[in-house]
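>>> Prediction below, plus the sequence it came from.
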Amino acid sequence: MSLNIINTSDGSHTLYNEKLNETYHSIHGAIQESEHIYIESGIKYFINTQKKKNIRILEVGFGTGLNFLLTYKLSLSHTYTIHYNTIESNPLKMEIVNKLNYIDMLGEKYRDVFTLMHSQKSDKEIGVSSKLFFNKQILRLEEFQSKKKYDIIFFDAFAPSKQPDIWSAKNLQKVYDAMEKDAILVTYCSSVKFKKTLEELGYKVEVISGPPGKKEMVRASKK
């Protein structure tokens, strides 16, 4: 897997996958994109509407770990407890991770957590803090099994045009079955086919404003 680090418009790094001809984040701003989709439209929205104190998150596509790092940043100013489970089939090597500039952008105090989450062994939950617990599983979504139910899904895989199998109805049904009632799924993708598949599976689909450089995104819920 040949990866190149590139700068995005907000100054933060993303990775370019030469094989897929695809970046891990928006070139209009990696941190901006993650903040808008997964933090603002995901966690903060859920907290404001559901008022739960204990939240379970499932992330499909750990990638650079930016979504978790921003979740940790948010958790420092809140009192709720988060159990964050992420799955990734191709984890990054530390030689790539160490070149990403997220710590330069966010602050030195996040370095230890950033290193820990990338070096963590598969399927072993750790307490990052008294309010945040982290578990990474190195596997494909097709292999994922869980008896737990989740409140928020971060669906952050590569685009359907690049990895269509991940976005299959079978996988989206698996995710639906793993969601609590009133749970939400957030993603940058808003393709017609994707939205139609979600609706056919029983998701309530909401199209909302996207991050800089993208007109819209999807937030879907399980009713």
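Received, thanks.

>>> which of the residues in stretch 19-39 are buried?
Residues 23-26, 29-39 are the ones in stretch 19-39 that count as buried (16 or more other Cβ atoms under 10 Å). (Glycine included, C-beta is placed from N, CA and C.)

>>> my bad, stretch 131-141
Across stretch 131-141, burial judged by 16+ other Cβ under 10 Å covers 132-138, 141.

>>> before we move on, the earlier item: in the buried residues of stretch 19-39, find the pair that's most separated.
Between any two of the buried residues of stretch 19-39, the greatest separation by Cβ to Cβ is 19.5 Å, found for Thr23 and Ile39.

>>> Show me where the protein dips below the pLDDT cut-off.
Residues of the chain meeting the criterion pLDDT under 70: 1.

>>> can you rerun that using 90?
Scanning the chain for pLDDT under 90 picks out 1, 51, 121, 146-147, 223.

>>> show me what contacts the closest residue in space to Glu125 that isn't next to it in sequence?
Counting by Cβ to Cβ, 6 or more residues apart in numbering, the nearest residue to Glu125 once its immediate chain neighbours are dropped is Asn135, at 4.1 Å. Residues in contact with Asn135 (Cβ atoms under 8 Å, 6 or more residues apart in numbering) are 83-86, 123-126.

>>> Ok, Leu116 next?
Leu116 makes contacts with 126, 128, as judged by Cβ under 8 Å, 6+ apart.

>>> Just the element for it, please.
Leu116 belongs to helix 111-119 when assigned by DSSP states H and E.

>>> Follow the chain on from that helix and name the next helix or strand.
Downstream of helix 111-119 (by DSSP H and E), the next one is strand 126-127.

>>> in its sheet, what does that next one sit against?
Strand pairing for strand 126-127, using DSSP bridges, gives strand 132-137 (antiparallel).

>>> relative orientation of the strand it pairs with and helix 111-119 in degrees?
In terms of direction (axes from the mean of the first three to the mean of the last three Cα atoms, to 10 degrees), strand 132-137 departs from helix 111-119 by 30 degrees.

>>> Let me see the contact set for the nearest residue to Gln50 once chain neighbours are set aside.
Among residues not flanking Gln50 along the chain, Asp182 sits closest, at 6.3 Å (Cβ to Cβ, 6+ apart). Listed by Cβ under 8 Å, 6+ apart, the contact partners of Asp182 are 50, 221-223.

>>> Now with 10 Å, please.
Asp182 sits next to 46, 49-50, 52, 151, 204, 221-223 when contact means Cβ atoms under 10 Å, 6 or more residues apart in numbering.

>>> now do Ile37
By Cβ under 10 Å, 6+ apart, the contact set of Ile37 is 26, 67, 154-156, 186-188, 208, 210-211, 214, 217-219.

>>> now with 7 Å?
Ile37 makes contacts with 186, 188, 211, 217, as judged by Cβ atoms under 7 Å, 6 or more residues apart in numbering.
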